[in-house]
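[1] following is a predicted model, sequence given first.
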Amino acid sequence: MSEQTAAKPLLGLASEVTSGNSFDMPKGAEPSRRNWMIACGAAGGVAAAATAIPFVGSMTPSEKARSAGAPVEVDIGDIAPGGVKIVEWRGKPVWIVRRTPNMLASLKGTESQLADPKSDRQDYPVPDYAKNEHRSIKPEYLVAVGICTHLGCSPVAKFEGGSASGISADWKTGFFCPCHGSTFDISGRVFANKPAPDNLEVPRHMYLSDSRLIIGKDEKGEA
Amino acid sequence: MAAEKQVQADGLLGWVDRRFPLISLYKTHLSEYYAPKNFNFWYFFGSLAMVVLGIQIITGIFLVMHYKPDASLNAAGIPVAFASVEYIMREVPFGWLIRYMHSTGASAFFVVVFLHMFRGLMYGSYREPRELIWIFGCMIFLCLMAEAFFGYLLPWGQMSYWGAQVIVNLFAAVPLIGPDLAIWIRGDFVVGDATLNRFFAFHVIAIPLVLVGLVAAHIIALHEVGSNNPDGVEIKAKKDANGIPLDGIPFHPYYTVHDIMGFAGFAILFAAVVFFAPEFGGYFLEYNNFIPADPLVTPPHIAPVWYFTPFYSMLRAVTDVFTWTFVAAALLGAYGFYRFKPFGQMGAYAGMAAMLVLAVLFRLLDAKFWGVAVMGGAVIILFFLPWLDKSPVKSIRYRPSWQKWLYGIFVVNFFVLGYLGVLPPTPVGQIVSQLGTIYYFGFFMLMPLWTPLGEFKPVPDRVIFQAH
């Protein structure tokens, strides 16, 4: 059996090795072969790198997660003046604050201390209808995402002014982030030189009637 | 080609050794690996880190048998993941013990690794020819931080949830791609079930595999060049007639016995924590984490676990006004390139240009991004230590005394930053952590200037060792 194999090499290839000499490398460079090897290697490398696409893609939000981002309807008729209603939209808390005239008056005095009083920054673009001092469609109601623009904690309401707030003696009213100490006025505008760079996000929203609000959608479409 | 190996052993050992380099591996890494004879207390922590890695892998395997990475609510309205951890604690036989070993092991890992790294810092163990050992070690430290962070989400308590929320949002600070990057990491618009499942995958498969590979590389590199020692003297410089370092002793049995003693001491402390203080006053297991995750309510005070707090303090220290300090540092750096030309004339121009661009960027991009960059940079800067330290000696023993003070202040500063990171933000704390951040970075970045200065003590030819 073994003798037969030795006598008839596979595919009939004659081999120098069987004659008792050691294997010899072909002499001289072979640029054509080398170029083909480089080309094949590069093409194979591109193909191998492209296999990362499905793996990286699989980590983006699934269809289920995307559809959970649908708009939310809220009844705001039962919020008392100075009260807050929190609804969940895309897993984030959205605050609907019914502001008292006193609260709205507090917006006048703070502008010089704010980082971005006119909401000009574009990281969380404010819809045109909320690009004003009260940052809302109706001055009475503020609709804002209750997530600090610093690192995503949820700020707490500090509506009481003065030193009772635990912030400072001249505190008027607004919100305070317990994580890193950012403060926001009652329109969700961040005070200057705090960790948070941006004002609280105002989501797209519109009124369906006087007491019904939809969040995540406006006349221009869904967020 | 290596010469044909001669196998002397017979029987089963011989059979194996003819097929696998068992005896030569044993000799290279244990019985004929010559380590300096003057190792002290600080040399326990390398082997202890391996022990803790073993504890974490074994306890981890048994925890995975009962844990469920599922953020949906069960019939009682509790997230399944949170409930499965409580199930391990209350209903799985010895589940409480295995989990406390794992949670205490996480903190113990950082204790021994911080001490191990500080040992390297003191004795110059990162200096030539041990740069790669140090770099592998820094990569291990990065993996360890990732492992701890991913693992901390799994109990799905309030601190798990909001801690992950804060850290993932760090990535949103990256210019241009930030918000999309954060969504990609979470797999959802908020931290949710998708996030929990992928963190579980990273925690139990991906990172441990990388970690074990890096530990192997760390040790292979170590055994290639040989261990440093408290005197920072190369023992390979003085060998006997057989080519064995005069000041070297075989790792086995000398250091295996030494390390077993170290392990005994460690095991006593470890067991004391596991059995008597597994929460360690809220530092190893934070009390807020006994409340199930609630995406709509942030706990009044969020603090990371103690081992992240020094870096977290540096993150918090970066405010808009503080970035002017960075601008000043970049301008000083530009002057440094102009004055000292460490990389030649072209290098000086390139360095100055880079520093000026950086100075502009410090003000152009948000302070929030620079906070993140500072936190990451505090770890990344360690990689460059072998090239920053220009001291003529390795060990702190032969450095000028005033340099010992700098090292001492560095340690105190690290503790102060760690302590401030646990506390809620205060105006005074902010200023102190800003000074601390400046010291931390100044210590490393100015090393090329201060390490060669002063009166150095003469370094002995051989290690200093008194036999007991």
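    Nice, thanks for sending it over. Residues are numbered from 1 along each chain as shown, chains lettered A, B, ... in the order given.
[2] in the chain, spot the helix with the most residues.
    Because you didn't say which chain, this covers chain A. Assignment by DSSP state H gives helix A:31-50 as the longest helix of chain A.
[3] to clarify, I was referring to chain B.
    Determined from DSSP H, the single longest helix within chain B is helix B:95-123.
[4] which other helices and strands contact it?
    When contacts are defined as 3 or more CB pairs under 8 Å, 6 or more residues apart in numbering or on different chains; DSSP states H and E, helix B:95-123 sits against helix B:45-64, helix B:80-90, helix B:131-153, helix B:256-276, helix B:401-422. C-betas here are computed from N, CA, C, even on glycine.
[5] make JSON lines from these and add distance to chain A to it.
    Formatted as JSON lines, the helices and strands packed on helix B:95-123 follow (distance: least, CB to the nearest CB, whole Å):
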{"stretch": "helix B:45-64", "distance to chain A": "21"}
{"stretch": "helix B:80-90", "distance to chain A": "16"}
{"stretch": "helix B:131-153", "distance to chain A": "14"}
{"stretch": "helix B:256-276", "distance to chain A": "28"}
{"stretch": "helix B:401-422", "distance to chain A": "11"}
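[6] just the strands from the chain, written as ranges.
    No chain specified, so I'll use chain A. Assigned by DSSP state E, chain A shows strands spanning A:72-75, A:84-89, A:92-98, A:141-145, A:156-158, A:174-176, A:183-184, A:205-207, A:212-215, A:217-218, A:221-222.
[7] can you look at chain B instead?
    Under DSSP E, chain B gives strands at B:34-36, B:248-250.
[8] contacts for the last one, please.
    I take that to be strand B:248-250. Strand B:248-250 is contacted from outside by B:30, B:31, B:32, B:33, B:34, B:35, B:36, B:37, B:226, B:235, B:255, using CB atoms under 8 Å, 6 or more residues apart in numbering or on different chains.
[9] equivalent analysis for the first one, please.
    Around strand B:34-36, the neighbours that count as contacts under CB under 8 Å, 6+ apart are B:226-229, B:231, B:233, B:235, B:244-245, B:247-251, B:254-255, B:463.
[10] near chain B, which residues of chain A?
    A:56, A:59-62, A:65, A:68-69, A:86, A:88, A:90-93, A:115, A:150-156, A:178-181, A:192-197 (CB under 8 Å from any CB of the partner chain).
[11] and those, which are buried?
    Buried members of the residues of chain A next to chain B, counted by 16 or more other CB atoms under 10 Å in any protein chain shown: A:61, A:65, A:68-69, A:90-93, A:115, A:150-155, A:178-181, A:194-197.
[12] so of those, which ones are in helices?
    Reading helices off these with DSSP H, I get residue A:65.
[13] ok so, going back, ok, of the strands of chain A, where does mean pLDDT dip lowest?
    Here the strands of chain A differ in mean pLDDT, and the lowest is strand A:221-222 at a mean of 68.
[14] still on that earlier bit, could I have the buried ones of the contacts of strand B:248-250 as ChimeraX selection syntax?
    Buried members of those, defined by 16+ other CB under 10 Å, are picked up in ChimeraX with:
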select /B:33,34,35,36,37,226,235,255
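[15] which ones are touching residue B:334?
    Going by CB under 8 Å, 6+ apart, residue B:334 touches B:351, B:352, B:355, B:356, B:359.
[16] what's the burial count for the third one?
    Spelled out, that is residue B:355. The number of residues packed near residue B:355 is 19, by other CB atoms under 10 Å in any protein chain shown.
[17] can you pull the contacts of it?
    Residue B:355 neighbours (CB under 8 Å, 6+ apart): B:330, B:331, B:333, B:334, B:337.
[18] against chain A, how distant is the residue lying closest to it once chain neighbours are set aside?
    Leaving aside its sequence neighbours, residue B:355 sits nearest to residue B:334 (CB to CB, 6 or more residues apart in numbering or on different chains; 3.7 Å). According to CB to the nearest CB, to the nearest Å, residue B:334 stands 27 Å off from chain A.
[19] pLDDT added to the contacts of residue B:334, as a markdown table?
    Shown next, in a markdown table, are these (pLDDT from 0 to 100):
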| residue | pLDDT |
| --- | --- |
| B:351 | 90 |
| B:352 | 92 |
| B:355 | 93 |
| B:356 | 94 |
| B:359 | 93 |
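[20] of all these, which comes closest to chain A?
    Closest approach between those and chain A, by CB to the nearest CB: residue B:359, at 19.6 Å.
[21] what number of residues are in the vicinity of the closest one?
    Other residues near residue B:359 come to 20 when the count uses other CB under 10 Å.
[22] that one reaches residue B:325, doesn't it?
    No: counting by CB atoms under 8 Å, residue B:359 stays clear of residue B:325, with 11.3 Å between them.
[23] what mean pLDDT would you report for the longest helix of chain A?
    Mean pLDDT, helix A:31-50: 93.
[24] same question, stretch B:386-404
    96.
[25] send me it as PDB with only the CA atoms.
    The C-alpha trace of stretch B:386-404 is given here as PDB (Å, rounded to 0.1, in the frame of the first residue of the first chain):
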ATOM      1  CA  PRO B 386       8.100  54.600  31.300                       C
ATOM      2  CA  TRP B 387       9.000  57.500  29.000                       C
ATOM      3  CA  LEU B 388       8.000  60.400  31.300                       C
ATOM      4  CA  ASP B 389      10.300  59.300  34.200                       C
ATOM      5  CA  LYS B 390      13.800  60.500  33.400                       C
ATOM      6  CA  SER B 391      15.300  59.700  36.800                       C
ATOM      7  CA  PRO B 392      18.800  58.200  36.700                       C
ATOM      8  CA  VAL B 393      17.700  55.600  39.300                       C
ATOM      9  CA  LYS B 394      14.700  53.300  39.300                       C
ATOM     10  CA  SER B 395      13.900  52.800  43.000                       C
ATOM     11  CA  ILE B 396      12.500  55.500  45.200                       C
ATOM     12  CA  ARG B 397      15.100  54.300  47.800                       C
ATOM     13  CA  TYR B 398      17.800  56.200  45.900                       C
ATOM     14  CA  ARG B 399      15.900  59.300  44.900                       C
ATOM     15  CA  PRO B 400      16.200  62.600  46.600                       C
ATOM     16  CA  SER B 401      14.100  62.900  49.800                       C
ATOM     17  CA  TRP B 402      12.000  65.800  48.400                       C
ATOM     18  CA  GLN B 403      10.900  63.500  45.600                       C
ATOM     19  CA  LYS B 404       9.600  61.100  48.300                       C
END
